[in-house]
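Asks: Requesting a structural model of the entry that follows:
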Amino acid sequence: MYKFSNDLRYDAKIGNRVVWLSGAGLEKMDAVLTADTLGLSNWIATASKLESRHAHFVAADVPATRQRILEVTQGRCRFTVTDSGPFIQFREAHAYAGQLAIKFFSWDCSGVCETSVARAPSHHVTLHIPLRGSFEARQGGRSATVGPGQMLVVSSPGTVRRRWEGACDLLNVSIMRKAAVSVFSQSPEASGLLSLPLTVIDLRQEITLARFIEDLAQDLGRETPSFSAPDAIPHVERLLLTLLAAGLRGSTDLPSRKEASAVAPWYVRRAEEFLRDNFSRKVSMQELAEACGVSVRTLHYGFAKFRDHSPAERLRAIRLMQARHALIEARISGHKVTDIARLVGYDNKSQFSRDYKAHFHESPSDTLRAAFS
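Replies: The predicted structure is shown next:
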């Protein structure tokens with residue numbers, strides 16, 4: 001296996017520098033993309049000493065893994081093993097530069113695994129980089145197979161499912177949508193990039209982007225990272241997003257600009273913010289429109305064009321996500337399903353249960369039981 005030592009000299013046996021980010025060793029990418037070559041194994045080893053900046057988790061069974069993934073993703077991701085096979089271990093580590101997150105997940109399992117994520121329009125942009133093994137991803141009518149040396153970009157709303165068999169190591173980079181909107185909206189060529197379907201980028205063709213992600217991962221694994229300094233964070237976000245936009249424009253999977261919708265106007269984003277702040281009470285469309293300074297008709301038009309759903313559907317999604325958070329935390333709060341339904345603005349428990357199951361593919365009681373398991 002080819003690696004670089006810490007002083008960047010070429011070495012065939014030692015070190016933790018990633019060779020896939022060098023021109024000389026690029027053709028060896030498939031062989032070297034592992035947790036150790038990325039240096040992220042150090043996160044797990046040092047996490048107990050760096051609790052203020054890192055967290056780690058190790059589980060040897062499916063229920064604990066499922067619960068941890070729910071917690072890490074704030075209730076957005078469900079994990080299942082759909083085929084029998086020994087489940088040996090799950091490992092997770094993460095670090096942050098402001099609101100930019102980089103996370104490492106490792107599954108050691110011989111069965112068939114699947115994750116399902118219900119993404120709302122406000123959800124962050126996620127970059128999935130397999131380090132070991134490959135996975136299949138589906139969203140709507142689009143599917144993709146992604147392996148080492150490639151990166152899957154997920155930016156649009158809707159349920160995303162990933163499926164793989166056997167051991168799998170995955171590096172995730174999460175970028176807050178607010179930062180992405182700020183950067184992409186300043187470039188006409190980037191218009192619509194935040195509403196793309198699943199898009200695969202070949203990192204062999206985007207060396208600068210790959211090198212920056214590698215540097216980011218290694219820096220955040222240090223005891224005193226430079227990229228998480230307050231003055232550096234805006235520049236780190238902007239550079240990553242600028243490189244990502246260039247990679248998306250150069251991808252063969254990129255739809256034409258005519259097919260991609262533009263970034264939503266201010267009043268749509270203001271409406272989403274208002275709904276997030278007032279999800280627990282009844283909000284009329286007239287009140288929402290007045291808060292945004294537009295007519296009800298304009299509000300509906302904006303959501304239909306730029307979000308592909310209505311304001312009412314957006315409010316329901318916000319309420320259901322808040323309910324999921326509350327159900328996961330019920331072990332601490334002691335709340336029951338009826339209590340949580342009321343807290344998120346539902347007067348009818350049966351309607352809440354129907355909406356919740358349609359959104360998350362499990363009942364509120366299922367989520368509550370998992371929280372106590």
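
Asks: Could you list the low-pLDDT ranges of the stretch 201-350 of the chain?
Replies: Low-confidence segments of the stretch 201-350 of the chain, defined by pLDDT under 70, span residues 251-263, 331.

Asks: Please, where are all the helices along it?
Replies: For the stretch 201-350 of the chain, the helices defined by DSSP state H, counting those that start in this stretch occupy 207-220, 233-250, 266-277, 285-292, 296-306, 311-328, 330-333, 337-343, 349-360.

Asks: In terms of secondary structure, what does the fourth one contact?
Replies: Meaning helix 285-292. Packing contacts for helix 285-292, counted by 3 or more CB pairs under 8 Å, 6 or more residues apart in numbering; DSSP states H and E, involve helix 266-277, helix 296-306, helix 311-328. Where C-beta positions appear, they are placed from N, C-alpha and C, glycine not excepted.

Asks: The last one to helix 296-306, inter-axis angle?
Replies: Helix 311-328 runs at 70 degrees relative to helix 296-306, counting by axes from the mean of the first three to the mean of the last three CA atoms, to 10 degrees.

Asks: coming back round to it: and among the helices of the stretch 201-350 of the chain, the most buried is which?
Replies: Most buried of those by mean neighbour count (mean count of other CB atoms under 10 Å) is helix 311-328; its value is a mean of 21.

Asks: chain center to that helix, what's the gap?
Replies: 18 Å (CA atoms, centre = their mean, to the nearest Å).

Asks: How about residues contacting it?
Replies: 70-71, 74-76, 120-121, 271-272, 275-276, 279-280, 283, 285, 288, 299-300, 303, 307, 333, 335, 337, 340-341, 343-346, 352, 355-356, 359-360, 364, 367-368, 371 (CB atoms under 8 Å, 6 or more residues apart in numbering).

Asks: can you list the domain ranges for the protein.
Replies: Following automatic domain parsing, one gets these domains for the chain: 1-32, 38-250, 266-372.

Asks: Which parts of the stretch 101-250 of the chain are strands?
Replies: Assigned by DSSP state E, counting those that start in this stretch, the stretch 101-250 of the chain shows strands spanning 112-119, 125-132, 135-139, 142-146, 150-154, 158-165, 168-175, 199-202.

Asks: got JSON lines for those, with mean neighbour count and distance to residue 327 too?
Replies: As requested, those are arranged in JSON lines below (neighbours: other CB atoms under 10 Å; distance: least, CB to CB, whole Å):
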{"stretch": "strand 112-119", "mean neighbour count": "20", "distance to residue 327": "14"}
{"stretch": "strand 125-132", "mean neighbour count": "21", "distance to residue 327": "23"}
{"stretch": "strand 135-139", "mean neighbour count": "18", "distance to residue 327": "25"}
{"stretch": "strand 142-146", "mean neighbour count": "16", "distance to residue 327": "30"}
{"stretch": "strand 150-154", "mean neighbour count": "22", "distance to residue 327": "24"}
{"stretch": "strand 158-165", "mean neighbour count": "19", "distance to residue 327": "19"}
{"stretch": "strand 168-175", "mean neighbour count": "20", "distance to residue 327": "23"}
{"stretch": "strand 199-202", "mean neighbour count": "20", "distance to residue 327": "32"}
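
Asks: Out of those strands, which is closest to residue 232?
Replies: strand 168-175 (15.5 Å; CB to CB).

Asks: packing partners for that closest one?
Replies: Contacts defined by 3+ CB pairs under 8 Å, 6+ apart place strand 168-175 against strand 100-109, strand 125-132, helix 207-220, helix 233-250.

Asks: export these to CSV and tack on distance to residue 328?
Replies: As requested, the helices and strands packed on strand 168-175 are exported to CSV (distance: least, CB to CB, whole Å):
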stretch, distance to residue 328
strand 100-109, 18
strand 125-132, 20
helix 207-220, 26
helix 233-250, 28
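
Asks: Tell me which of these sits nearest to residue 162.
Replies: That would be strand 125-132 among the helices and strands packed on strand 168-175, by CB to CB, at 7.5 Å.

Asks: give me the number of residues near residue 96?
Replies: By other CB atoms under 10 Å, 18 other residues sit near residue 96.

Asks: Could you pull up the residues touching the residue nearest to it when sequence neighbours are not counted?
Replies: Among residues not flanking residue 96 along the chain, residue 228 sits closest, at 6.7 Å (CB to CB, 6 or more residues apart in numbering). Taking CB under 8 Å, 6+ apart, we find residue 228 in contact with 53, 95, 96, 97, 98, 219, 220.

Asks: again, only using 10 Å
Replies: Taking CB atoms under 10 Å, 6 or more residues apart in numbering, we find residue 228 in contact with 53, 95, 96, 97, 98, 100, 216, 219, 220, 222, 236.

Asks: Would you format the helices of the stretch 201-350 of the chain as a markdown table with distance to residue 198 included?
Replies: Below are the helices of the stretch 201-350 of the chain laid out as a markdown table (distance: least, CB to CB, whole Å):
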| stretch | distance to residue 198 |
| --- | --- |
| helix 207-220 | 18 |
| helix 233-250 | 12 |
| helix 266-277 | 23 |
| helix 285-292 | 31 |
| helix 296-306 | 20 |
| helix 311-328 | 20 |
| helix 330-333 | 33 |
| helix 337-343 | 32 |
| helix 349-360 | 20 |
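
Asks: Next up, the contacts around the most centrally placed residue in the chain.
Replies: With distances taken as CA atoms, centre = their mean, residue 126 lies nearest the centre of the chain, 4.1 Å away. For residue 126, the contacting residues are 101, 103, 117, 119, 152-155, 160, 172-175, by CB under 10 Å, 6+ apart.

Asks: Brilliant, that's me finished.
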